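Chemist: pasting the structure only:
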């Protein structure tokens, strides 16, 4: 038990030290959602009218609407970036080092997941601090309530990255995954537009959005930012997270998984 | 108590057989060289020995622990130097070793003592606070070996550990690991395709196209022939 916690602490510390060492990664992680907020949202404010739907109780500007989606974007991109580093780690030797530890493999993978989620959450809070300076503020209770929502959503998206990393053989294949996973997940969600808006253009797209686990992660964050609880979103996000984590553990299983490859 | 025992080990990548019915034993404190050309199956054997993946065909025992039945006990007794670098270049020598020690559940004073001991053995104690990025190739390899010794393993596996090093550094590292097995009682499996790294009294395994062609003392196996020539005559390929 103590050995497991020692490893957890070391894996998180290593990830944090790496992150601090790569300031450009931190800046990039912040610039991306800020561009969306300041440029994209400003341009679309006029084009998109938003009606009052929960958790909003009054008319909401587009900039305010997309903040939870952009928090989700940070978690999504970071989850993928972390899996990118796992593929890199595997091409180098550090993944092998991790997997030859005498601790249970599922625990080591979970530690890695917790480490990347911790970094993602720090990034989200940095983003929220900047949005507050920009003039978009939430209640103190919202900033506290968002934490568990970010943990659940971050773990789910990190598990997705972990599951993907077990199937990707080389770094070169990763660009395709970014195009086929990140962008569809982000655009087919409620990050940028509410579900009813999607239904106006296509019922099929609406249904896909409603099934997308990222939609539920974003809604979980959105409700939490207003200190409200969305049980359906929590259930969907947890379910998706558990399935993806099981897939990741399967993927890294030495007997069955996809890591079995000519090395 | 055995050092390392492999029995009837086979492995395939789909239809392609990588290892076929490989069996050998390395006694405790013995230096065993695993010689084979590229594609012989050395990396597959290492992946199986380190449990990167597993196979139902055959058994692996590390210091008396069956890898299939007691994987954690087996891994605890094993140190590995991979062909690929595992060090974080932007961290200091000590921080890298701290991380590794923690993966084996070691922390605090115990970890510090083990790390100092491993660094002393490799003559690298005075470099503990340097960034790995500033070390040359030879010192990085030494550090990889120090890392693999932190948790006091009984069996040390090294997968072509001298790749990319100059002749003098290669010699120094080869001598050092020989010394570890002779004086430290460590069981060593050293995979290589370079015959000059093998001494006559070493145990020698020759692997070719997934089959174990020879297993014995290197000097006895080669007789009066240079090892490179002997190897070439067996495999038809340059060592």
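Modeler: That came through fine. Keep in mind that this is a model prediction, so the values were computed, not measured.
Chemist: do you know how far residue B:223 is from residue B:198?
Modeler: Computed as CB to CB, to the nearest Å, the residue B:223 to residue B:198 distance reads 14 Å. From N, CA and C alone the C-beta is placed, and that goes for glycine too.
Chemist: who has more neighbours out of those two?
Modeler: Higher neighbour count among residue B:223 and residue B:198: residue B:198, with 26 against 7, using other CB atoms under 10 Å in any protein chain shown.
Chemist: which secondary structure element is home to the closest residue to that one other than its chain neighbours?
Modeler: What sits nearest to residue B:198 in space, not counting adjacent residues and going by CB to CB, 6 or more residues apart in numbering or on different chains, is residue B:33, at 4.4 Å. Per DSSP states H and E, residue B:33 falls inside strand B:31-35.
Chemist: and the next helix or strand past that strand?
Modeler: With DSSP H and E, the next secondary element past strand B:31-35 is helix B:42-49.
Chemist: what sits against the residue of the stretch 51-200 of chain A found nearest chain B?
Modeler: For the stretch 51-200 of chain A and chain B, the shortest gap (CB to the nearest CB) falls at residue A:93, measuring 3.6 Å. Residue A:93 sits next to B:82-86 when contact means CB atoms under 8 Å, 6 or more residues apart in numbering or on different chains.
Chemist: give me the number of residues near residue 229?
Modeler: All of this is about chain A. Residue A:229 has 12 nearby residues by other CB under 10 Å.
Chemist: oops, wrong one, chain B.
Modeler: Other residues near residue B:229 come to 12 when the count uses other CB under 10 Å.
Chemist: distance of it from residue A:237?
Modeler: 65 Å.
Chemist: again, but for residue B:184
Modeler: 52 Å.
Chemist: out of the two, which sits in the busier spot?
Modeler: Per other CB under 10 Å, whichever of residue B:184 and residue A:237 has more neighbours is residue A:237, with 26 against 14.
Chemist: still on that earlier bit, for the residue nearest to residue B:198, list each beta-bridge partner.
Modeler: Under DSSP bridges, the beta-bridge partners of residue B:33 are residue B:190, residue B:204.
Chemist: show me where pLDDT drops low in chain B?
Modeler: Along chain B, the model assigns pLDDT under 70 to residues B:1, B:237-239.
Chemist: centre of the chain to the lengthiest helix in it, how far?
Modeler: When chain B is parsed with DSSP state H, its longest helix is helix B:167-184. Between the centre of helix B:167-184 and the centre of its chain there are 12 Å (CA atoms, centre = their mean, to the nearest Å).
Chemist: now residue A:115. Nearest residue, chain neighbours left out?
Modeler: residue A:15 is the one closest to residue A:115 (CB to CB, 6+ apart), at 3.8 Å.
Chemist: the helix or strand that contains residue B:112 vs chain A: in contact?
Modeler: Using DSSP H and E, residue B:112 maps to helix B:108-121. No - counting by CB under 8 Å from any CB of the partner chain, chain A is not contacted by helix B:108-121; separation bottoms out at 8.6 Å.
Chemist: within range of chain B, give me the residues from the stretch 1-150 of chain A.
Modeler: A:2-4, A:6-7, A:9-11, A:13-14, A:17-18, A:21, A:91-94, A:96-104, A:108.
Chemist: low pLDDT regions in the stretch 151-263 of chain A?
Modeler: A:169-174, A:256-263.
Chemist: one more time with 50, if that's ok
Modeler: A:257-258, A:262-263 (pLDDT under 50).
Chemist: re the thing from before, surely the residue nearest to residue B:198 meets residue B:194?
Modeler: No - counting by CB atoms under 8 Å, residue B:33 sits too far from residue B:194 to count as a contact (9.6 Å).
Chemist: between the two, which one's more packed in?
Modeler: Neighbour count, other CB under 10 Å: between residue B:33 and residue B:194, residue B:33 has more, with 23 against 15.
Chemist: list the contacts for that one?
Modeler: B:190-192, B:197-198, B:202-205, B:218.
Chemist: need the max-distance pair from those.
Modeler: Greatest spacing in those, by CB to CB: B:191 and B:218 (14.5 Å).
Chemist: show me where chain A has helices.
Modeler: Using DSSP H, helices in chain A cover A:2-21, A:23-35, A:41-45, A:62-91, A:94-99, A:105-134, A:140-167, A:174-177, A:183-187, A:195-201, A:203-211, A:213-225, A:231-251.
Chemist: what does chain B give?
Modeler: Applying DSSP H to chain B gives helices spanning B:42-49, B:71-76, B:93-103, B:108-121, B:137-149, B:167-184, B:218-222, B:227-235.
Chemist: export those helices as CSV, with columns for distance to residue A:138.
Modeler: Formatted as CSV, the helices of chain B follow (distance: least, CB to CB, whole Å):
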stretch, distance to residue A:138
helix B:42-49, 50
helix B:71-76, 46
helix B:93-103, 37
helix B:108-121, 41
helix B:137-149, 46
helix B:167-184, 58
helix B:218-222, 72
helix B:227-235, 69
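Chemist: in chain A, what residue is nearest chain B?
Modeler: In chain A, no residue comes nearer to chain B than residue A:3, which is 2.6 Å away by CB to the nearest CB.
Chemist: pLDDT score for that residue?
Modeler: Listed pLDDT for residue A:3 reads 85.
Chemist: one more: the one 4 residues further on?
Modeler: The score at residue A:7 is 91. That number is its pLDDT.
Chemist: and for the one 10 residues further on?
Modeler: Confidence at residue A:17, expressed as pLDDT, is 83.
Chemist: for the closest residue to it other than its chain neighbours, give its distance to residue A:32.
Modeler: Ranked by CB to CB, 6+ apart and with sequence neighbours excluded, the top spatial neighbour of residue A:17 is residue B:91, at 6.4 Å. Distance, residue B:91 to residue A:32, using CB to CB: 27 Å.
Chemist: out of the two, which sits in the busier spot?
Modeler: Higher neighbour count among residue B:91 and residue A:32: residue B:91, with 19 against 15, using other CB under 10 Å.
Chemist: wait, the more buried one touches residue A:16, no?
Modeler: No - between residue B:91 and residue A:16 there is no contact under CB under 8 Å: 11.7 Å.
Chemist: check contacts around residue 4.
Modeler: No chain specified, so I'll use chain A. With CB under 8 Å, 6+ apart, residue A:4 has these contacts: A:103, A:107, B:105.
Chemist: you answered for a different chain; I wanted chain B.
Modeler: B:25-26, B:32, B:49, B:60-63, B:155, B:187, B:189.
Chemist: if we can go back for a sec, of the helices of chain A, which stretch is the most buried?
Modeler: helix A:213-225 (a mean of 27; mean count of other CB atoms under 10 Å in any protein chain shown).
Chemist: direction-wise, compare that helix with helix A:140-167 and give the angle.
Modeler: 160 degrees (axes from the mean of the first three to the mean of the last three CA atoms, to 10 degrees).
Chemist: look up phi and psi at the closest residue to chain A within chain B.
Modeler: Closest to chain A within chain B is residue B:105: 2.6 Å, counting by CB to the nearest CB. Dihedral pair for residue B:105: phi 80, psi 10, per degrees, to the nearest 10.
Chemist: done for today, thanks.
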